[in-house]
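# could you work out the structure for the sequence below:
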Amino acid sequence: MARGYNSFRNFKESGEEYFVRRVLAPTLPEVCIDIGACVGNYSQLLLKNTVCKVIAFEPLPHTRTLLSQNLCEFRHRTVVEELAVGSRKRAREYLLQPRSIFTRIPNVRC
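Prediction:
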């Protein structure tokens, strides 16, 4: 059963899969925006189940590299921006734990 909140295990449990396939896809959206795209799981869900173009925002360079790799097969329908999105324009500093998986991602080319 979909909970729709406090559910980070998978898109089926959270209800996101149902929403994209049964609610969003039939509306034939032209553009969807994934803010804080991380490695692109939600962008992939959108791209595999709709005909939309996805604009994915991910400010962390290493994570954005993996995001670009994961969306490579959909590159004609994606734009990846290495930016954070917020309510105000300002510079922010991001800190990663030294052992984070995202500090060890190699450069990837599409």
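# in which helix or strand would I find the spatially most central residue of the chain?
The residue lying closest to the centre of the chain (Cα atoms, centre = their mean) is Ala37, at 2.8 Å. Using DSSP states H and E, Ala37 sits in no helix or strand.
# can you pull the phi/psi pair for it?
Here is the backbone geometry of Ala37 (degrees, to the nearest 10): phi -70, psi -20.
# repeat that for the one 10 residues further on.
Per-residue torsions, Leu47: phi -70, psi -30 (degrees, to the nearest 10).
# which strands and helices lie in contact with the helix or strand of the chain with the lowest mean pLDDT?
Here the helix or strand of the chain ranked lowest by mean pLDDT, DSSP states H and E is helix 11-14, holding a mean of 85. Packed against helix 11-14, as judged by 3 or more Cβ pairs under 8 Å, 6 or more residues apart in numbering; DSSP states H and E, are the following elements: helix 41-49. From N, CA and C alone the C-beta is placed, and that goes for glycine too.
# test my guess that Glu17 contacts Val23.
No. The criterion here is Cβ atoms under 8 Å, and Glu17 misses it with Val23 at 10.7 Å.
# between those two, which one's more packed in?
Legend: neighbour count by other Cβ atoms under 10 Å for Glu17 and Val23, higher for Glu17 (15 against 10).
# with adjacent residues omitted, what lies nearest to that one?
Phe11 (4.1 Å; Cβ to Cβ, 6 or more residues apart in numbering).
# so Ile33 sits in a helix?
No. If the criterion is DSSP: H, G, I helix; E, B strand; the rest coil, then Ile33 is strand and not within a helix.
# next one: it from Glu13, what distance?
In this structure, Ile33 and Glu13 are 23 Å apart, going by Cβ to Cβ, to the nearest Å.
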